[in-house]
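Visitor: this is the structure alone, sequence omitted:
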Ligand code: SAH
Ligand code: SF4
Ligand code: F3S
């Protein structure tokens, strides 16, 4: 009998990828994904531990799920299984079962290939959670990727995990503890998965890793490929039109990767290269292992290799010991680089990380004010960049229906969301769009056909 599977994904793209793979692993057990937890036979929360807020959200969600689980049991509709996966599962393990004993089982990011066994055990235990009480959070010796089934179709734009884990130990970050040490998939496995995706209609692949440019996969001949070499290899796949990678660390930008930006047209001119802070003092305290000057030189070199490249970044404000002068240095860096997109966060002290133990924790209200100031600046830069693309013709990969009927949505090479009025049959295609309107976070335009030039069509262009 077909059962309904609802997976709620928190956190980064790696979790999005993992959630899809969980669905792949459960397909042979006749689980079909559904869009809401209502009536689901199995609900998996694939969680994120990066900031306190993200981690706490899990418990409020669990509270709501418990009510649904009770309702369903009372209505005689059988057991709704609840599982917690991802980075909170890894970090808190048994604590989750203590705080939420109605959870059936808990499993970490390295063990989801064992899901079928966990589900079978939960089936046997039924409502008797105590007899099950399973927490799978070891970092098993076998690589989980070897045990995963072939990827199922992922749409025009797909994620492909090439690397997992992190050995950098930035002082604020939980990832090295939740995802374990760095592991790179062998090149042949990555290329095979990419070929399967492309054969299923995928046109764009985003290579994923917590530290994706630390990739060092074995090629089967005793050699190791870095990410640059891997991208060159992937570029040979016919009909793979776009390649991206995320998230990268400035310290792992090597010559081959710079070269790939210059030589591989499929590698899109957009790079998310988190800097975190514009103060050398704070960067050192964060254990980021680069200076502002080194970061700026990387940006310069990227722009030399690929003049149209635009950058995105992550920032943390209110890191312990951050002074007003440190913060001013961050604003200065933002002004110098000019970002097309950015994520900025208020520092969140995470248990077990060195920064959480540091003196000089910054007052919350001061951090809030700094965050607001930084975000205003970053939003302005994003709007300025979007405005600059109005009037240009950009190739857009359409990957979804739009919000309104008759509309479809996609991405420009620079990761901007673009909407046009067009038939859904265009989803999965790349087409030229005359960009006419820019809104806060997206662009709208008109499909152009043949040699019609966007600059000559006389349409009034607006920018909100
Ligand atoms: N591997 C990536 C980042 C992964 S975490 C890198 O090295 O850049 C995603 C983002 O969350 C980070 O870039 C950082 O800006 C933010 N972040 C991580 N830990 C945080 C914390 N304790 N408080 C606030 N933001 C944090
Ligand atoms: Fe976290 Fe730093 Fe690793 Fe990024 S590089 S995942 S911020 S420890
Ligand atoms: Fe969050 Fe884990 Fe990703 S902590 S950001 S889900 S690696």
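Guide: That came through fine. Keep in mind that what you see is a predicted model, and the values were worked out from it rather than measured. Ligands and ions are numbered 1, 2, ... in the order given.

Visitor: contact partners of the helix or strand where residue 445 lies?
Guide: Using DSSP states H and E, residue 445 maps to strand 442-447. With C-beta atoms under 8 Å, 6 or more residues apart in numbering as the test, strand 442-447 has contacts from 386, 389-390, 394, 396, 412, 416-422, 426, 431-438, 457, 459. Any C-beta I mention is one placed from the backbone N, CA and C, and that applies to glycine too.

Visitor: which of those residues fall in strands?
Guide: Those of those mapping onto strands are 394, 396, 417-421, 431-438, per DSSP state E.

Visitor: which of the residues you listed are buried?
Guide: 394, 396, 417-420, 431-438 (16 or more other C-beta atoms under 10 Å).

Visitor: between all of those, which two are separated the most?
Guide: For these, the maximum inter-member distance is 18.9 Å, found between 431 and 438 (C-beta to C-beta).

Visitor: let me know the average pLDDT across stretch 318-329.
Guide: For stretch 318-329, mean pLDDT rounds to 98.

Visitor: that one close to ligand 1?
Guide: No - interface with ligand 1: stretch 318-329 contributes nothing (C-beta under 6 Å from any ligand atom), its closest point being 8.2 Å away.

Visitor: could you tell me the end-to-end distance of that stretch?
Guide: End-to-end distance for stretch 318-329: 13 Å, by C-alpha to C-alpha, to the nearest Å.

Visitor: contacts for it?
Guide: Residues outside stretch 318-329 that contact it (C-beta under 8 Å, 6+ apart): 172, 277-282, 285-286, 292, 317, 346-347, 355, 358-362, 364, 366-367, 370-371, 374.

Visitor: in strands, which of the residues you listed fall?
Guide: Per DSSP E, these map to strands at 317, 346.

Visitor: where along the chain do the helices fall?
Guide: 13-26, 52-74, 86-92, 94-99, 115-125, 129-132, 175-178, 187-199, 227-234, 255-263, 280-285, 292-305, 324-337, 364-389 (DSSP state H).

Visitor: could you measure from residue 253 over to residue 272?
Guide: Distance, residue 253 to residue 272, by C-beta to C-beta, to the nearest Å: 12 Å.

Visitor: quick one, what contacts residue 314?
Guide: Counted by C-beta under 8 Å, 6+ apart, residue 314 has contacts 247, 272, 274-276, 342-345.

Visitor: related to what we said a few turns ago, so for residue 253 and residue 272, which residue has more residues nearby?
Guide: Taking neighbours as other C-beta atoms under 10 Å, residue 253 and residue 272 compare with residue 253 leading, 24 against 21.

Visitor: mind checking pLDDT for the more buried one?
Guide: 97.

Visitor: likewise residue 133?
Guide: In this prediction, residue 133 carries a pLDDT score of 66.

Visitor: equivalent analysis for the one 4 residues further on, please.
Guide: The predicted local distance difference test score for residue 137 is 82.

Visitor: can you pull the contacts of it?
Guide: Taking C-beta under 8 Å, 6+ apart, we find residue 137 in contact with 89-90, 93, 106-108, 111.

Visitor: again, only using 7 Å
Guide: Going by C-beta atoms under 7 Å, 6 or more residues apart in numbering, residue 137 touches 89-90, 93, 107-108, 111.

Visitor: what sits closest to it if chain neighbours are left out?
Guide: Leaving aside its sequence neighbours, residue 137 sits nearest to residue 108 (C-beta to C-beta, 6 or more residues apart in numbering; 3.9 Å).

Visitor: and what of residue 39?
Guide: Among residues not flanking residue 39 along the chain, residue 4 sits closest, at 6.0 Å (C-beta to C-beta, 6+ apart).

Visitor: ok, how many other residues are close to the one you found?
Guide: For residue 4, the count of nearby residues is 18 (other C-beta under 10 Å).

Visitor: show me what it is bridged to.
Guide: Beta-bridge partners for residue 4, by DSSP bridges, are residue 32.

Visitor: my read: it touches residue 41, true?
Guide: Yes - at 5.1 Å, residue 4 and residue 41 qualify as touching, with contact defined as C-beta atoms under 7 Å.

Visitor: list the contacts of stretch 83-92.
Guide: By C-beta under 7 Å, 6+ apart, stretch 83-92 touches 10-11, 15, 22, 42, 44-49, 55, 58, 96, 103-109, 112, 137, 174, 177-178.

Visitor: is that stretch positioned near ligand 1?
Guide: No - taking C-beta under 6 Å from any ligand atom as the criterion, stretch 83-92 and ligand 1 are apart, separated by no less than 10.2 Å.

Visitor: so is stretch 208-219 next to ligand 1?
Guide: Yes - Stretch 208-219 is in contact with ligand 1 by C-beta under 6 Å from any ligand atom, via 210-211.

Visitor: identify all contacting residues around that stretch.
Guide: Defining contact as C-beta under 7 Å, 6+ apart, one finds that stretch 208-219 is touched by 13-14, 17, 159-166, 168, 175, 179, 182, 184-187, 190, 224-227, 230, 245-249, 252-253, 257.

Visitor: in that stretch, which residues are buried?
Guide: Buried positions in stretch 208-219, judged by neighbour count with 16+ other C-beta under 10 Å: 208-217.

Visitor: among those residues, which are within reach of ligand 3?
Guide: Checking the buried residues of stretch 208-219 against ligand 3 (C-beta under 6 Å from any ligand atom), the matches are residue 210.

Visitor: low-confidence stretches in this structure?
Guide: Counting by pLDDT under 70, the ranges of the chain that qualify are 129-133, 141-142, 450-464.

Visitor: show me which residues of the chain are close to ligand 2?
Guide: 166, 168-170, 173, 175-176, 210-211, 249.

Visitor: out of those, which end up buried?
Guide: The neighbour count (16+ other C-beta under 10 Å) marks 166, 168, 170, 173, 175-176, 210-211, 249 as buried among the residues of the chain next to ligand 2.

Visitor: distance of residue 42 from residue 74?
Guide: Per C-beta to C-beta, residue 42 is found 19 Å from residue 74.

Visitor: more neighbours, those two?
Guide: Counted by other C-beta under 10 Å, residue 42 and residue 74 do not tie: residue 42 has more neighbours, with 24 against 8.

Visitor: neighbours around the residue nearest to that one when sequence neighbours are not counted, how many?
Guide: Excluding its sequence neighbours, the residue lying closest to residue 42 (C-beta to C-beta, 6+ apart) is residue 81, at 4.5 Å. Residue 81: 23 surrounding residues under other C-beta under 10 Å.

Visitor: which residues does residue 355 contact?
Guide: 171-172, 319-320, 349 are the contacts of residue 355 under C-beta under 7 Å, 6+ apart.

Visitor: pretty sure residue 127 contacts residue 79?
Guide: Yes - Residue 127 lies in contact with residue 79 (C-beta under 7 Å); the separation is 5.6 Å.

Visitor: find residues that contact each of these two.
Guide: In terms of C-beta under 7 Å, 6+ apart, residue 127 and residue 79 are both contacted by the residues residue 73.

Visitor: surely residue 249 meets residue 170?
Guide: No - between residue 249 and residue 170 there is no contact, the gap being 9.0 Å when judged by C-beta under 7 Å.

Visitor: quick revisit: closest to ligand 3 out of the buried ones among the ones in strands among the contacts of strand 442-447?
Guide: When these are ranked by distance to ligand 3 (C-beta to the nearest ligand atom), residue 417 comes first, at 21.5 Å.
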